[in-house]
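In: Build me a structure from this.
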Amino acid sequence: EVGGRPITVFETQASKLSTILLRASTSSLLADLERAVDDGVHACRVACQDGRLVPGGGATEMECSLRVKQFGDTCPGLDQYAIRTVATVLEFVPRTLAQNAGLHAGDTLAALGAAHANGQGTHGIDITGKSSNGIFDTAETQLVDLLATKESAFRLALDAALTVLKVDQIIMSKPSGGGRANNK
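Out: Purely as a prediction, here's the structure:
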């Protein structure tokens, strides 16, 4: 029984391959189940290829945010503003986790930021509600994420931001009055 529903499992030792049979009451539910199984298989494949892990629960993003802010403090002028903005954006995952857990995001992020500033880099958001301030040490509960997943997410986010900046520069650098015929 899984999730309150009876299931049938056929096991064999003769093959390294497996077949998963999915049933659902609607085609959209079946598509969701298929996507979930596909995501799980993909996560296992990535873990087998690159087994490096990082703290979960938003701990990695908060630690990256703290370090990017520290780097931003060493840069002068507008560069500092841009770098600190990137650091603030990195806090999106812990903020979203806190909001989805029903916690006050501002207070929880402040507590998490203070913990990371005090060298507790593995502290993340406690979605179970067992801690008083909404954070806990993810290393104690072995809450981890795949490093490859984080790298991919960061790379895609930065690529999207750079694409937007390039489009903005192209639009701004276009001379006004384009398309007029030259009168000689």
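In: from here on, contacts and neighbour counts on C-alpha atoms
Out: OK.
In: Show me the helices in this protein, by range?
Out: Along the chain, counting by DSSP state H, helices occupy 27-49, 59-72, 77-89, 92-100, 105-117, 138-141, 147-173.
In: got the buried residues for the first one?
Out: Going back to what we said before, that points to helix 27-49. E34, V46, A47 (16 or more other CA atoms under 10 Å).
In: okay if I get those as CSV plus distance to P6 and pLDDT?
Out: Listed next are the buried residues of helix 27-49 as CSV, based on distance: CA to CA, whole Å; pLDDT from 0 to 100:
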residue, distance to P6, pLDDT
E34, 18, 92
V46, 30, 88
A47, 29, 89
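In: residue ranges with poor pLDDT in this structure?
Out: In the predicted model of the chain, residues 1, 3, 168-184 satisfy pLDDT under 70.
In: Export the helices of the chain as a markdown table, with columns for distance to T8.
Out: Formatted as a markdown table, these follow (distance: least, CA to CA, whole Å):
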| stretch | distance to T8 |
| --- | --- |
| helix 27-49 | 16 |
| helix 59-72 | 39 |
| helix 77-89 | 45 |
| helix 92-100 | 34 |
| helix 105-117 | 42 |
| helix 138-141 | 31 |
| helix 147-173 | 32 |
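In: ranking the ones you listed by burial, who's on top?
Out: helix 59-72 (a mean of 21; mean count of other CA atoms under 10 Å).
In: Can I get that helix in CSV, CA atoms only?
Out: Backbone C-alpha positions of helix 59-72 (Å, rounded to 0.1, in the frame of the first residue of the first chain) are rendered in CSV as follows:
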residue,chain,number,x,y,z
ALA,A,59,20.9,26.7,2.9
THR,A,60,23.0,26.7,-0.2
GLU,A,61,21.2,29.7,-1.8
MET,A,62,21.5,31.6,1.5
GLU,A,63,25.2,30.9,1.8
CYS,A,64,25.8,31.9,-1.8
SER,A,65,23.9,35.1,-1.2
LEU,A,66,26.0,35.9,1.8
ARG,A,67,29.2,35.3,0.0
VAL,A,68,28.1,37.3,-3.1
LYS,A,69,27.1,40.2,-0.8
GLN,A,70,30.6,40.1,0.8
PHE,A,71,32.2,40.2,-2.6
GLY,A,72,29.9,43.1,-3.6
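In: what's that helix in contact with?
Out: Defining contact as CA atoms under 8 Å, 6 or more residues apart in numbering, one finds that helix 59-72 is touched by 54, 79-81, 83-84, 86-91, 93-94, 112-113, 116-117, 121-125, 138.
In: what angle do it and helix 92-100 make?
Out: Relative orientation of helix 59-72 versus helix 92-100 (axes from the mean of the first three to the mean of the last three CA atoms, to 10 degrees): 130 degrees.
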